[in-house]
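Engineer: Sharing a model prediction with you, sequence too.
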Amino acid sequence: MTDLLVKEDKIIERILSTELVRVTERAAVSSARLRGRGDEKAADQAAVDAMRRELNRLPIHGVVVIGEGERDEAPMLFIGEEVGTKTGPRVDIAVDPLEGTTLCAKDMPGSIAVMAMATGGTLLNAPDVYMDKIAIGPGYPTGVVDLDASPADNIHALAKAKGVPVGEITVVILDRPRHADLIAACRKVGASIRLLTDGDVAGVIHCSQPDETGCDLYLGSGGAPEGVLAAGALRCVGGQMQGRLILDTQAKIERAAKMGVTNPKKKYDMKEMASGDVIVCATGVTDGALLKGVQFGKNVIHTETIIYRSVTGTVRRIQAEHREFAKFKLD
């Protein structure tokens, strides 16, 4: 049994260091061919199709626990779908083939193709609902911020822990009407706000590198699937994150219960959302603060990918040239 586990670890290591990069690269290139065309659905579908093709070539028995929708709602990489050759280790898969579909359709900064792979049964099987979230980067005492505290209390606590005035704290928030009161509360205490048009996963990741991005704290509600992906990435580099599913109707409560959520008011910490050995891989589609977008040359395509692994705390950036991508279209 020990030898088998060692063998599976080696398989996972090889996949995560090489093959997962190819999965997000293919998705990014496919969707990037439709940048600026104004068709969000077509760009998303292109990314999904490419990601599924590459996942099904991997020697894994994967189950999509975070996907494009639930089985009855999306013909895409749906929650519960099995991927891979079914001959390798059992793993959880979380995907967002095109985060920032609007950004891609309008050729605006920050669109990425992102996925995670983790030990089977260790990613939160979250329904496709909203989640309240709070996240900070590494280097702070445990519990310095809390999802149940007020925005003002969290900002003051973080500023004290960082040793800076409140005015030097930058809060990342999705630019949505539902966040009007949250934005006002943060500005009232003197914090700076960085509004995101899209990009929930990237927004949390930005807070993991405050010296580079200038982002200290993520607040607000966004997709629960994106929350699990972000928690996986944050675990790899350090930081803290909490989330609570927004189950505000009986139908949502019942749907979550079918997926194993027994306490609809539970506050999840980062390790509960992504508890096992997790690797997160993201490739830029359009240029952004996190990654450069796909660049199309005459005979070569350039991509930039970042890959995180929790068990080692490793972060790798891979800049690649693809001549086969340039020669053959992926549609």
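Structural biologist: Looks like it arrived, so ask away.

Engineer: how distant is the lengthiest helix in the chain from the center of its chain?
Structural biologist: Ordering each helix of the chain by length in residues (DSSP state H) puts helix 40-55 first. A distance of 16 Å separates the centroid of the chain from that of helix 40-55, by C-alpha atoms, centre = their mean, to the nearest Å.

Engineer: That one: which residues count as buried?
Structural biologist: Residues of helix 40-55 classed as buried: 40, 42-52, 54-55 (neighbour count, 16 or more other C-beta atoms under 10 Å). Every C-beta, even on glycine, is put in place using the N, C-alpha and C of the backbone.

Engineer: Equivalent analysis for stretch 146-153, please.
Structural biologist: Using 16+ other C-beta under 10 Å as the test for burial, stretch 146-153 gives 147, 151.

Engineer: Kindly report the same for stretch 128-148.
Structural biologist: 128-137, 140, 144-145, 147.

Engineer: Closest one to residue 236 out of those residues, please.
Structural biologist: Distances from those to residue 236 were compared by C-beta to C-beta; the smallest belongs to residue 137, at 12.1 Å.

Engineer: surely the closest one meets residue 212?
Structural biologist: No - with contact defined as C-beta atoms under 8 Å, residue 137 does not reach residue 212; the gap is 10.2 Å.

Engineer: what's residue 60 sitting at in phi/psi?
Structural biologist: Residue 60 adopts backbone torsions of phi -140, psi 160, taken as degrees, to the nearest 10.

Engineer: ok, the closest residue in space to it that isn't next to it in sequence to residue 117 distance?
Structural biologist: In space, and not counting its chain neighbours, residue 60 is closest to residue 84: 3.7 Å by C-beta to C-beta, 6 or more residues apart in numbering. For residue 84, the distance to residue 117 equals 10 Å [C-beta to C-beta, to the nearest Å].

Engineer: How about residue 233?
Structural biologist: Note on residue 233: its distance to residue 117, by C-beta to C-beta, is 12 Å.

Engineer: Just the strands from the stretch 201-331 of the chain, written as ranges.
Structural biologist: Per DSSP state E, counting those that start in this stretch, the stretch 201-331 of the chain carries strands over the ranges 217-223, 240-245, 268-269, 278-284, 295-296, 301-309, 314-322.

Engineer: Just say which of these is most tucked in.
Structural biologist: strand 278-284 (a mean of 28; mean count of other C-beta atoms under 10 Å).

Engineer: helices or strands next to that strand in the packing?
Structural biologist: Identification of packing neighbours for strand 278-284 by 3 or more C-beta pairs under 8 Å, 6 or more residues apart in numbering; DSSP states H and E yields helix 20-32, strand 112-119, helix 200-207, helix 224-237, strand 301-309.
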